[in-house]
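# need a structure here:
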Amino acid sequence: MSGPGTATAPASGEDVARVLAGARAALAARVDEVNDLNVFPVADGDTGTNMLLTAAAVEDAAAATTGLARAERAAALSRAALVGARGNSGMILSQLVRGAAESLAAEDGPLDGAALARALRGASDAAYGAVRAPVEGTMLTVTRRIAERAEGAGTDLAAVLDAALAGGRDGVAETTSLLPVLAAAGVVDSGGLGVTILLEGVAAALTGREPPAAPGGAAPRAPAADHPPSRHRYCTTFLVEGAGMDLDALEATLRAHGDSLLVMGDARQAKVHIHTDAPERAAAAAGAIGAVDAVRWDDMRRQEAARTARLAPRDATPSSCAAVLVADGAGVRELAEGLGAHALAPGGGAAAVAAAIAALAPAGVVVLATGADAADARATGGAEVVEAGSAAALLAALVELDPSGDAGEVAAAMRDAAAGVAAIDVDGAGDALRDALTGALAPVLAGRGPALVTVLVGRDAGVDPAVVEGWVRAAAGDGDVEVEAHDGGQAAPALAVGVE
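Modelled structure (predicted):
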């Protein structure tokens, strides 16, 4: 099925799964572009990633429910979108999915242009209805423009898709003039662009042809101005389930725990998004309303650092400060590069460190390393050196990298950050690591108060980082602890743990 005269499309479970796969693939190809435009509501650079993870959850549900009746399939997709929603953008996307799915569930027969237009209107209305204080110039505006154009395009499916895409692109361009923070940065809304890209993937899957090319004169990919990040550290989501829950009471309970708060769902199941410094405390507060599950948080400071590193090569002004990290483990080095550092494997000696420093000139350089590698860095005499006893401490220090800062001042901030990390090395393999980790953590966490536990899993540990994350949470009990577990890939120790 292809060409501009495509009047209808089949709507079987297999077709729905194929179309949703096309939408997810289109966004996956441009996810960094969407992330880099993200300045609203905070400049944490995760809009594209959050929308992609949400879309992937819906795609997985579609693939698993192809045999269900249309109404049952729509309900499954709506639930998957809500449960899988990540971040502000993912939460709103989940409501777009719900509105479209509920509209299409009421249709009978193949999908034509009129049915698609009704689904797009249902998506827009559902999203606006779910946000307590809608802001124009965001993905809400773009989805409304999409629906408005689609409604006036007749019943031919391809014509409605073309009209909807034109509405999306015009809506994206309009966001800059509607939202002052976007105008100051010289960018369009990242969530609105993400919605339009998803629709482009839908159009390609439905018609068998690529959608019309985007118009010229697009806004710059990278923001032209700096914008303050969230005053809180963790982008947090969780589910709350119960019978007859009061969502207004849930929202009121959580308001004191952070900002960027969204509560979406119904009296039986709600999804919460909040920016907070204490995810576990926010989840515990929600527990007074219903049963809390699937608590997840992302460190926005690290997201912001990774985004800064992506955008730095596009800046006309050279960085005044750069970082080199020397550490064992491919995963550790990948994390370091995501935070903006040039990463080296250990053992290269002073010559390797000197070459890395020279490649980063004319920036001032901070070298982060342990043991003999730190000594090699000092021998070069060409950089500030930050030494710590563990890779976890080095990564915590690297969060303080400021490419516009003075190397000496940045190094001082990094040393303070590293000094605040209690390092624990746990040796062993497989399930035997659990008892060793629990025993090592207990005295460190006792009486410490809120803490961030980072675990780098070694290449021979024989355990998945997600499993280790669960062990840490169990070891912490009722303690206010955030956990990040990563595949570090280091030879030793099996688990490199840092407690901040």
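# Helix, strand, or coil at the residue with the largest distance to the centre of the chain?
No residue in the chain sits farther from the centre than Ala379, which is 39.6 Å out by CA atoms, centre = their mean. Judged by DSSP: H, G, I helix; E, B strand; the rest coil, the three-state class of Ala379 is helix.
# Tally up the residues packed near the residue nearest to it when sequence neighbours are not counted, please.
Once flanking residues are discounted, Ala379 sits nearest to Ala350: 4.4 Å by CB to CB, 6 or more residues apart in numbering. Placement of C-beta: from N, CA and C, glycine included. By other CB atoms under 10 Å, 15 other residues sit near Ala350.
# tell me which element Ala350 is part of?
Per DSSP states H and E, Ala350 falls inside helix 349-360.
# Asp32 too?
Asp32 is part of helix 31-37, with elements assigned from DSSP H and E.
# What is the burial count for Asp376?
22.
# need the contact list for it.
326, 348-350, 352-353, 369 (CB atoms under 8 Å, 6 or more residues apart in numbering).
# mind running it again at 10 Å?
Taking CB atoms under 10 Å, 6 or more residues apart in numbering as the criterion, Asp376 is in contact with 326, 346-354, 367, 369, 385.
# Isn't Ala492 up against Ser390?
No - checked against CB atoms under 10 Å, the pair Ala492 and Ser390 is beyond contact range at 11.5 Å.
# buried stuff in the helix holding Ala350?
Using 16 or more other CB atoms under 10 Å as the test for burial, helix 349-360 gives 352-354, 356-357, 360.
# Now tell me which of those residues the prediction trusts least.
In this model, the minimum pLDDT among the buried residues of helix 349-360 belongs to Leu360 (81).
# the domain parsing of the chain - what is it?
The chain breaks down into these domains under automatic domain parsing: 8-207, 234-299, 317-417, 422-499.
# mind checking the SS state of the residue nearest to Val202 when sequence neighbours are not counted?
Counting by CB to CB, 6+ apart, Val202 lies nearest to Ala23, which is 5.0 Å off, once chain neighbours are set aside. Three-state assignment for Ala23 (three-state DSSP): helix.
# count of residues packed around Ala23?
Using other CB under 10 Å, Ala23 has 21 other residues around it.
# what does Val326 give?
By other CB under 10 Å, the residues close to Val326 number 29.
# ditto for Arg268
Around Arg268 there are 12 residues (other CB under 10 Å).
# wait, doesn't it sit right on Gly290?
Yes - counting by CB under 10 Å, Arg268 does reach Gly290; the two are 8.9 Å apart.
# Now for these two: what residues contact both?
Common neighbours of Arg268 and Gly290, using CB under 10 Å, 6+ apart, are 240-245.
# which one of those residues is nearest Thr66?
Glu241 (26.7 Å; CB to CB).
# could I get the buried residues of helix 349-360 as CSV with distance to Asn88?
Output for the buried residues of helix 349-360, formatted as CSV (distance: CB to CB, whole Å):
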residue, distance to Asn88
Ala352, 43
Val353, 41
Ala354, 45
Ala356, 38
Ile357, 40
Leu360, 35
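# for the residues you listed, which one is nearest Leu93?
Nearest to Leu93 among the buried residues of helix 349-360 is Leu360, at 38.8 Å by CB to CB.
# check contacts around the closest one.
Going by CB under 10 Å, 6+ apart, Leu360 touches 318-319, 321-324, 342, 366, 382-383.
# What about the residues you listed, which one has the most neighbours?
Neighbour-wise, the contacts of Leu360 (other CB under 10 Å) top out at Ala323, 34 neighbours.
# For that one, which non-adjacent residue is spatially closest?
Leaving aside its sequence neighbours, Ala323 sits nearest to Ala341 (CB to CB, 6+ apart; 4.2 Å).
# what's around that neighbour, how many residues?
Residues contacting Ala341 under the criterion other CB under 10 Å number 26.
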